[in-house]
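**Student:** let me see the structure of the following:
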Amino acid sequence: EAGGSTAGLPEVTPYRDYLEWLTRQDREAAQDAWRQALDGADEPTLTTPADRDTQPVHGEMVSAVADAALDEGLRELVQAHGLTLNTVVQGAWGLLVGKLTGRRDVVFGASVAGRPLDLPGMESMLGLFINTVPVRVRLDPAQTV
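**Tutor:** Numbering: from 1, shown residues only. Presented below is the predicted three-dimensional model:
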């Protein structure tokens, strides 16, 4: 203990509640849902060769600032189609990965918040409830964006 005090802080929901919530989930139904969602995706979508004998390649950071017109255009797009900006970004990433790999069916990972809405007190529980889940984008060249 560093000599601090928790006096004045709100009470947190115990992590044990989350573990108990997990035990109540239907694992078979979840596995079936993922099996169906990923049916036919038999291999990972790699944007570079999986050569274990080469040295790792470190990416570089690229940043840009969106101007007001792009910001407004994206706002109109998501509102008109009932989407979130995250869905648009994931779709664009899927298109890019498909173009890079020459594939029409791509799967990539997306980080998600793992705090279940149906667990009372979850918003005050301590911990990083994050997971990476597969996102599958099937591209149809006959369809427009």
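
**Student:** ok, longest helix in this protein?
**Tutor:** helix 85-101 (DSSP state H).

**Student:** immediately after that helix, which helix or strand?
**Tutor:** Next helix or strand after helix 85-101 toward the C-terminus (DSSP states H and E): strand 105-113.

**Student:** now that following strand: buried residues?
**Tutor:** Val106, Val107, Phe108 (16 or more other CB atoms under 10 Å). Glycine gets a C-beta too; all of them are placed from N, C-alpha and C.

**Student:** and that strand, how far out from the chain's middle?
**Tutor:** Taking CA atoms, centre = their mean, to the nearest Å, one finds the center of strand 105-113 at 5 Å from the center of the full chain.

**Student:** for it, which strands pair with it and how are they oriented?
**Tutor:** strand 130-138 (antiparallel) (DSSP bridges).

**Student:** just the angle between the strand it pairs with and helix 85-101, please?
**Tutor:** Between strand 130-138 and helix 85-101, the angle comes out at 60 degrees (axes from the mean of the first three to the mean of the last three CA atoms, to 10 degrees).

**Student:** neighbours around the spatially closest residue to Asp140 that is not a sequence neighbour, how many?
**Tutor:** Excluding its sequence neighbours, the residue lying closest to Asp140 (CB to CB, 6 or more residues apart in numbering) is Arg104, at 7.2 Å. Look at Arg104: counted by other CB atoms under 10 Å, it has 11 neighbours.

**Student:** would you mind measuring from Arg104 to Gly40?
**Tutor:** According to CB to CB, to the nearest Å, Arg104 and Gly40 sit 11 Å apart.

**Student:** and if you look at Glu20?
**Tutor:** Taken as CB to CB, the span from Glu20 to Gly40 is 36 Å.

**Student:** which of the two has more neighbours?
**Tutor:** A direct count of neighbours by other CB under 10 Å for Glu20 and Gly40 places Glu20 higher, at 11 against 7.

**Student:** excluding chain neighbours, what is closest to the most centrally placed residue in the chain?
**Tutor:** When CA atoms, centre = their mean is applied to the chain, the residue found nearest the centroid is Ala110 (2.6 Å). For Ala110, ignoring the flanking residues on the chain, the nearest one in space by CB to CB, 6+ apart is Val135 at 4.7 Å.
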